[in-house]
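Novice: Please find the sequence and the predicted model below.
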Number of protein chains: 2
Amino acid sequence: MRIALLGGTGDIGEGLALRFARDTSHEILIGSRDPEKARDAVADYEAELEARDADAELKGFDNEMAADRADIVIVSVPPYYVGDTVEAVADSLDSDSVLVTPAVGMQGDEDGLHYHPPDTGSVTELVAQRAPDEVPVVGAFHNLAADALSNLDNDLDLDTLVVADNDDAKATVLTVANEIDGLRALEAGPLANAAEVESVTPLVINIAKYNEDMHDVGVKWV
Amino acid sequence: MRIALLGGTGDIGEGLALRFARDTSHEILIGSRDPEKARDAVADYEAELEARDADAELKGFDNEMAADRADIVIVSVPPYYVGDTVEAVADSLDSDSVLVTPAVGMQGDEDGLHYHPPDTGSVTELVAQRAPDEVPVVGAFHNLAADALSNLDNDLDLDTLVVADNDDAKATVLTVANEIDGLRALEAGPLANAAEVESVTPLVINIAKYNEDMHDVGVKWV
């Protein structure tokens, strides 16, 4: 399959790109608003993988072209760009696409980070609202620390939760997520359950803030 | 120390009572609105512990008397009784008490359970609002499955998150929670961070609902 990471030049997009490229045989497409930036990231990622004897070819495009060529489109941009990014690539998506959103709305104060969902109830449901009706939307990869993911020296032992209303799309994302070494993808039900999944992201950041010996905190459901 | 479990005749109160009695040397007081019910629960718990060669004496009282005699008062009643229970025992609490709340507000629909906090932002903050001002309030034991806790044959390997504004009270609860075998208590900051902690409870129930091989789901922060 072809997996596109829109906004794949940083944060969680970088880690997902590196790990999908290293651990799976899927073709990885990096998307960015600026295709030059996408190609630069591809060169960096290929060098990073080559240094670990994990040769893989990635490709860089602008977001629209990456989305157009991909079977799975992961919108790994900051939450305040999510809606616009989905609308920008809408014409490149159809009922055979799987649109995946890992974004979470948060607000910080002196106590820590707090979950701050949009009016739709969750960012995942915002993506579903902004995407064309025929495009299945899946929430996944919400509670992963970007640094833990992008450092390939770090062996993962983490869970990610998957929510979707479309069973085929959900099954596809569960399968590819489970192909990343050390990542276990679990079901959490339909899109309506996304808010509780997203709420875990500020919580893992708060746990890292308040426990001195914990960094890049993730979660295992046991 | 003396630890009171108000509403300690069922659900999470039962499991906490049994495990505190088995794993620590603290004196365990079972509270109930009906003191006879509390004493019946004590007899059951002592028999359960004796059958496992873990002799311990517990004591049963009405909620007010249990609260009055205890250093740590855990309000393990259903969420819709929490406010009234706190007010009923208010005269038995003072600045030397530590009032602990594990309750979570949830609502269910066909998709699963959803976090449904009161207007205070969280049940933990509701308890702080209803308790006398001088009584330190600690949120803890939120995300534990009652059945996993009360079955002493089940070796725990779980985390619980602790929130409080009062550092001494928080340290006390962290210490006693860590004394339960297989339970690790972690800090999650002040009471203002309680909502994200409480949100994990509907989520673990949804995960159990949607993953066939998972039951009594708990959480490890890694």
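Specialist: Cool, got the structure.

Novice: Residue numbers of chain A in contact with chain B?
Specialist: When proximity is defined as CB under 8 Å from any CB of the partner chain, chain A approaches chain B at A:109, A:111-112, A:114-115, A:157-158, A:161, A:186-190, A:192-193, A:195-197, A:199-200, A:202-204, A:206-207, A:209-211, A:214, A:217-222. All C-beta atoms are positioned from the backbone trio N, CA, C, and that covers glycine.

Novice: buried ones in stretch A:205-221?
Specialist: Across stretch A:205-221, burial judged by 16 or more other CB atoms under 10 Å in any protein chain shown covers A:205-211, A:216-221.

Novice: Check stretch A:89-100 too.
Specialist: Going by 16+ other CB under 10 Å, stretch A:89-100 has these buried residues: A:Val89, A:Ala90, A:Ser92, A:Leu93, A:Ser97, A:Val98, A:Leu99, A:Val100.

Novice: tell me the mean pLDDT for it?
Specialist: The average pLDDT within stretch A:89-100 is 97.

Novice: so how far is it from its chain's centroid?
Specialist: 15 Å (CA atoms, centre = their mean, to the nearest Å).

Novice: where do the strands sit along chain A?
Specialist: A:2-6, A:27-32, A:58-62, A:72-75, A:98-101, A:106-109, A:112-115, A:137-139, A:158-164, A:183-187, A:219-221 (DSSP state E).

Novice: possible to save those as a markdown table with distance to B:Lys37?
Specialist: Putting these into a markdown table (distance: least, CB to CB, whole Å) gives the following:
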| stretch | distance to B:Lys37 |
| --- | --- |
| strand A:2-6 | 58 |
| strand A:27-32 | 61 |
| strand A:58-62 | 65 |
| strand A:72-75 | 54 |
| strand A:98-101 | 49 |
| strand A:106-109 | 43 |
| strand A:112-115 | 38 |
| strand A:137-139 | 44 |
| strand A:158-164 | 39 |
| strand A:183-187 | 39 |
| strand A:219-221 | 34 |
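
Novice: coming back round to it: so which of the buried residues of stretch A:205-221 sit within helices?
Specialist: A:Ile205, A:Asn206, A:Ile207, A:Ala208, A:Lys209, A:Tyr210 (DSSP state H).

Novice: and the residue nearest to the last one when sequence neighbours are not counted, what does it touch?
Specialist: Pointing back at A:Tyr210 there. Leaving aside its sequence neighbours, A:Tyr210 sits nearest to B:Glu187 (CB to CB, 6 or more residues apart in numbering or on different chains; 4.0 Å). Going by CB atoms under 8 Å, 6 or more residues apart in numbering or on different chains, B:Glu187 touches A:Ile207, A:Tyr210, A:Asn211, B:Leu161, B:Val162, B:Val163, B:Lys170, B:Leu174.

Novice: Now tabulate the residues you listed in a markdown table and tack on distance to A:Ala56.
Specialist: Listed next are the contacts of B:Glu187 as a markdown table, based on distance: CB to CB, whole Å:
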| residue | distance to A:Ala56 |
| --- | --- |
| A:Ile207 | 33 |
| A:Tyr210 | 38 |
| A:Asn211 | 36 |
| B:Leu161 | 39 |
| B:Val162 | 43 |
| B:Val163 | 43 |
| B:Lys170 | 47 |
| B:Leu174 | 45 |
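
Novice: which of these sit farthest apart?
Specialist: Spanning the widest gap among those are A:Ile207 and B:Lys170, at 14.2 Å by CB to CB.

Novice: what ranges do the helices span in chain A?
Specialist: Using DSSP H, helices in chain A cover A:11-23, A:35-50, A:63-69, A:79-88, A:123-130, A:146-150, A:167-178, A:194-210.

Novice: In JSON lines, list those along with distance to A:Pro136.
Specialist: Shown next, in JSON lines, are those (distance: least, CB to CB, whole Å):
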{"stretch": "helix A:11-23", "distance to A:Pro136": "19"}
{"stretch": "helix A:35-50", "distance to A:Pro136": "25"}
{"stretch": "helix A:63-69", "distance to A:Pro136": "14"}
{"stretch": "helix A:79-88", "distance to A:Pro136": "13"}
{"stretch": "helix A:123-130", "distance to A:Pro136": "9"}
{"stretch": "helix A:146-150", "distance to A:Pro136": "24"}
{"stretch": "helix A:167-178", "distance to A:Pro136": "4"}
{"stretch": "helix A:194-210", "distance to A:Pro136": "14"}
